[in-house]
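> Here is the input, now give the coordinates:
(one chain, ligands or ions: 2)
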Amino acid sequence: MTDRIKALRAQIDEINLQLLDLLNRRATIASEIGKVQAELGSQFYDPQREAEMLTALQMANKGPFSNDTIKALFKEIFKASLALEEKEARQKIIVQRKTPDQQTVITFPDGTKVGDGSFQIIAGACAIESYEQMDAVGEVLASEGVKIMRGMAYKPRSSPYDFQGLGEEGLKIARQVANKYGMLVVTEIMDMSQIPMMSDYVDIFWVGARNMQNSFLLKALGKVKQPVILKRHFSATLKELLYSAEYIASGGNTQIIFIERGIRTFNEETRNTLDIGAVPLLKMESHLPVIVDISHSAGRRDLAIPFGRIAKASGADGLMVEVHPNPPVAMSDAKQQLYFDQFRALMRAIKDVPTPMELDAVKE
Ligand code: PEP
Ligand code: MN
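Ligands and ions are numbered 1, 2, ... in the order given. So this is what the prediction gives:
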């Protein structure tokens, strides 16, 4: 190498270091702006500001780089700054995964856990109809080792003339049955005004699909001591679901479980379309447990076993299924609630399905 090239390269090396320093100084300032924008709740990407900067740069450009080259180079710098601002903003979101092994595990006073790698079954009637019905359901669930019983006393029905639930009387029944068989009770809350009354009866609050974006209810649940199961609305994106969980978490309650219940599509064979891909996607994005509703997604009994197997294989932390002593006469969701024998068959069928974690452990 000639001395001349060596000298020129030394100059380039020096300029590279200066550019590096300038780029990082620029990134620090951009990130400061990002913080202020995040506080104001404004968008990070400002196309008008970007266009103004490009025009100013092109007017100041004396070459030898062409205006197009300058534009392309600076656009890359803008893109990198924007990515940095967005990354920093995501770090602040409580429900957002921060590290690959971060995992929220919800532990109940009786030792039951959700999110610890076990596959929890949440089962029970669609709606509480009577003590006899719930007692019969409770007995079967307990004999199959179920720890979390669903019992809905307020039903968000499509028609106001359909059965709306037994209300507080129903909650009393659910509590009594759960105590008899040593189970926890989860029930759907419709409105924040119900929190004080329901707190006396339930171990877990359940936000139904229709209330997923009721931000006032979500904020109020940020203050309760019980964990919250948050259902995805049938037309909500996963980002919207994550933000709904953030409403609860930002209030102080980070004990949240997601439940995928199927989305609305053109498909007529099932009540909704089970979006099973939501399970690994939610797990990538968040550290919160995810369970799968195999009843409302399918809307039919005959899919319980395949959907149950799919749920377990997907890496979900559990499933939710409806069970009734005499499904055809159930006051709600008669087509999808399982007969007791079908529920027992489901428990047998999923027993040997390995979770992705178990498969990975075998490989290692
Ligand atoms: C339910 O699980 O009881 C229910 C009403 O389902 P969804 O909110 O998903 O419609
Ligand atoms: Mn139901």
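> what sits against residue 26?
77, 81 (Cβ atoms under 8 Å, 6 or more residues apart in numbering). (Glycine included, C-beta is placed from N, CA and C.)
> which stretch of helix or strand covers it?
helix 3-40 (DSSP states H and E).
> List the buried residues of that helix.
30, 34, 37 (16 or more other Cβ atoms under 10 Å).
> The helix or strand following it: how far from the chain's middle?
Under the assignment DSSP H and E, the closest C-terminal helix or strand after helix 3-40 is helix 47-60. Remark: helix 47-60 is offset 40 Å from the chain centroid, using Cα atoms, centre = their mean, to the nearest Å.
> Low-confidence ranges, the stretch 101-250 of the chain, go.
By pLDDT under 70, the stretch 101-250 of the chain has no low-scoring segment.
> Can you pull the residues of it lying near ligand 2?
For the stretch 101-250 of the chain, the contact set with ligand 2 under Cβ under 5 Å from the ion comprises residue 126.
> What parts of the stretch 101-250 of the chain come near ligand 1?
126, 152, 156, 188, 208-209, 231 (Cβ under 6 Å from any ligand atom).
> need the buried residues of helix 3-40 in JSON lines with distance to ligand 1, can you?
Below are these laid out as JSON lines (distance: Cβ to the nearest ligand atom, whole Å):
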{"residue": "30", "distance to ligand 1": "42"}
{"residue": "34", "distance to ligand 1": "37"}
{"residue": "37", "distance to ligand 1": "35"}
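> List just the nearest of those residues to ligand 2.
Set against ligand 2, the nearest of those by Cβ to the ion is residue 37 (42.6 Å).
> Touching, the closest one and residue 49? I think so.
No. Residue 37 is beyond contact range of residue 49, at 11.1 Å (criterion: Cβ atoms under 8 Å).
> Show me where the stretch 251-364 of the chain has its strands.
256-260, 290-293, 318-322 (DSSP state E, counting those that start in this stretch).
> give the contact list for the residue positioned nearest the centre of the chain.
With distances taken as Cα atoms, centre = their mean, the residue of the chain nearest its centroid is residue 258 (4.0 Å). By Cβ under 8 Å, 6+ apart, residue 258 lies in contact with 229-230, 232, 241, 245, 282, 286, 288-291.
> again, only using 6 Å
Going by Cβ atoms under 6 Å, 6 or more residues apart in numbering, residue 258 touches 230, 282, 288, 290.
> Pull the number of nearby residues for the closest residue to ligand 2 within the chain.
Across the chain, the shortest distance to ligand 2 (Cβ to the ion) belongs to residue 126, at 3.3 Å. Counted with other Cβ atoms under 10 Å, residues neighbouring residue 126 total 24.
> Residue 155 reaches residue 127, doesn't it?
Yes. The criterion here is Cβ atoms under 6 Å, and residue 155 meets it with residue 127 at 5.2 Å.
> With neighbour numbers in mind, choose between these two.
residue 127 (27 against 20).
> pretty sure the more buried one belongs to a strand, no?
No. Applying DSSP: H, G, I helix; E, B strand; the rest coil, one finds residue 127 to be coil, outside a strand.
> How about the contacts made by it?
152, 155, 165, 331-332.
> what does residue 74 give?
Contacts of residue 74 (Cβ under 6 Å, 6+ apart): residue 57.
> try residue 16
With Cβ under 6 Å, 6+ apart, residue 16 has no contacts at all.
> Tell me the confidence at it?
On pLDDT, residue 16 comes in at 98.
> Can you show me the helices along the stretch 101-250 of the chain?
131-143, 168-181, 195-199, 215-221, 238-249 (DSSP state H, counting those that start in this stretch).
> Throw those helices into TSV and include mean neighbour count, thanks.
Below are those laid out as TSV (neighbours: other Cβ atoms under 10 Å):
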stretch	mean neighbour count
helix 131-143	19
helix 168-181	19
helix 195-199	14
helix 215-221	19
helix 238-249	21
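> how about TSV for these, with distance to residue 318 added?
Listed next are the helices of the stretch 101-250 of the chain as TSV, based on distance: least, Cβ to Cβ, whole Å:
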stretch	distance to residue 318
helix 131-143	14
helix 168-181	17
helix 195-199	22
helix 215-221	20
helix 238-249	17
